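*Asks:* fold the stuff below for me.
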Amino acid sequence: VGGKGQGAYLAAAAARPGSVALAQFYGGDAGDALAEALRKRAPGADEALWIRTASQTRICTTLVADGDATEIVEPSGAVTASELDALRAALASRTAPGLLAAGSLPPGVPADFYSTCAAATLAQGGKFLIDAVAGLEDAVAAAASVGAVMVLKVNARELLLAAGDPLAAGAADSVDDAARTAKAAHALASKLSSDALAAILWTDGPHPGGALVGDAVYALAGPSLSEFGPVLSPIGAGDTVAGTTFAKWLEDGDPVQAFAYGLACGAASCLTAENAVFDAEVAAAIHARTVVTKTN
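*Replies:* Reported below is the predicted structural model:
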């Protein structure tokens, strides 16, 4: 299972068994294979929010060699208006204490879709974690409108892009520049300008993660993975971070400490060959040695 939202769901479900549901569009043979894989990984999954589409679920292939990754991404099929309405109606039928939105939006799905999901499902004091850069202004406005709090989780490259300071074409995926990412986080928070935005969290591949809460910037550094075993696949690590950060944030309400836990789970997932799979004991050991430093 390699989809961004599906990977985040599986990681969250592993951290909070029985308390997480997945809302998704899927279709065709590829979509059916995805659904079956999800059933095997998360037996007894609540499928009330699974909407099967007439269009085929796209296949994205990631090639990794010598630390570099290249993605071959098929075009995405369109979601019809009736399919979109079906998921919206299903979401509106329930209220949840938290919502995690992750993944790109296929044709037919409007840019404000995640914000409408938040407005439909979150109650006063709800928690909204978004692992995407599409429709951020609408998303934070939706969180504010229902009295929810929002945390944005992105990778450092996405953070720079959203803040208007993108990396040059052909640059490495990681940024490894704490001052630049902190400046970008401040700029993005100023641009979004909402009391509903509780934190901006960012990953940066093998480099320390970062967090902005108010005016405070934090660096989160874990131990070397070589101490725990060989890195088998980094694919899905970001999804694991999102899902487990979300699960932990729902429990204790501290986004930075939740992110430290999520980063440890994401690191542990790099030691397995399967996406969004991690050993909880290894994650706990990494988490115990993760250092959170306030840098300003």
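
*Asks:* ok, which stretches of the stretch 1-150 of the chain are strands?
*Replies:* Taking DSSP state E, counting those that start in this stretch, the strands of the stretch 1-150 of the chain run over residues 24-27, 50-53, 60-65, 68-73, 96-102, 122-131, 149-155.

*Asks:* redo these as CSV? Include distance to Gly3, mean pLDDT and mean neighbour count.
*Replies:* Every residue, glycine included, has its C-beta placed from N, CA and C. Shown next, in CSV, are the strands of the stretch 1-150 of the chain (distance: least, CB to CB, whole Å; pLDDT from 0 to 100; neighbours: other CB atoms under 10 Å):
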stretch, distance to Gly3, mean pLDDT, mean neighbour count
strand 24-27, 8, 95, 22
strand 50-53, 12, 96, 20
strand 60-65, 8, 81, 11
strand 68-73, 12, 80, 10
strand 96-102, 9, 94, 21
strand 122-131, 12, 92, 20
strand 149-155, 17, 96, 26
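
*Asks:* with distance to Pro255 added, can I get the ones you listed in a markdown table?
*Replies:* Below are these laid out as a markdown table (distance: least, CB to CB, whole Å):
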| stretch | distance to Pro255 |
| --- | --- |
| strand 24-27 | 25 |
| strand 50-53 | 29 |
| strand 60-65 | 28 |
| strand 68-73 | 28 |
| strand 96-102 | 12 |
| strand 122-131 | 9 |
| strand 149-155 | 5 |
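
*Asks:* so which of those strands gets nearest Asn275?
*Replies:* For Asn275, the closest of the strands of the stretch 1-150 of the chain is strand 60-65, at 9.8 Å, according to CB to CB.

*Asks:* pull the residues that contact that closest one.
*Replies:* Gly2, Ala69, Thr70, Glu71, Ile72, Val73, Glu74, Ser233, Pro234, Ile235 (CB atoms under 8 Å, 6 or more residues apart in numbering).

*Asks:* so the last one makes contact with Thr70?
*Replies:* Spelled out, it's Ile235. No - counting by CB atoms under 8 Å, Ile235 stays clear of Thr70, with 12.0 Å between them.

*Asks:* one step back: compare the strands of the stretch 1-150 of the chain and give me the one nearest Ala242.
*Replies:* Using CB to CB, those put strand 122-131 closest to Ala242, at 4.2 Å.

*Asks:* adjacent strands (with direction) for that closest one?
*Replies:* The pairing partners recorded for strand 122-131 under DSSP bridges are strand 96-102 (parallel), strand 149-155 (parallel).

*Asks:* packing partners of the next helix or strand after the last one?
*Replies:* Spelled out, it's strand 149-155. Toward the C-terminus, strand 149-155 is succeeded by helix 156-162 as the next helix or strand (DSSP states H and E). If you count contacts as 3 or more CB pairs under 8 Å, 6 or more residues apart in numbering; DSSP states H and E, helix 156-162 packs onto helix 178-192, strand 197-204.

*Asks:* export helix 156-162 to CSV, keeping only CA atoms.
*Replies:* In CSV, the C-alpha atoms belonging to helix 156-162 read as follows (Å, rounded to 0.1, in the frame of the first residue of the first chain):
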residue,chain,number,x,y,z
ALA,A,156,11.1,20.9,4.0
ARG,A,157,10.9,21.1,0.3
GLU,A,158,7.1,21.6,0.3
LEU,A,159,7.5,24.2,3.1
LEU,A,160,9.9,26.3,1.0
LEU,A,161,7.6,26.1,-2.0
ALA,A,162,4.5,27.1,0.0
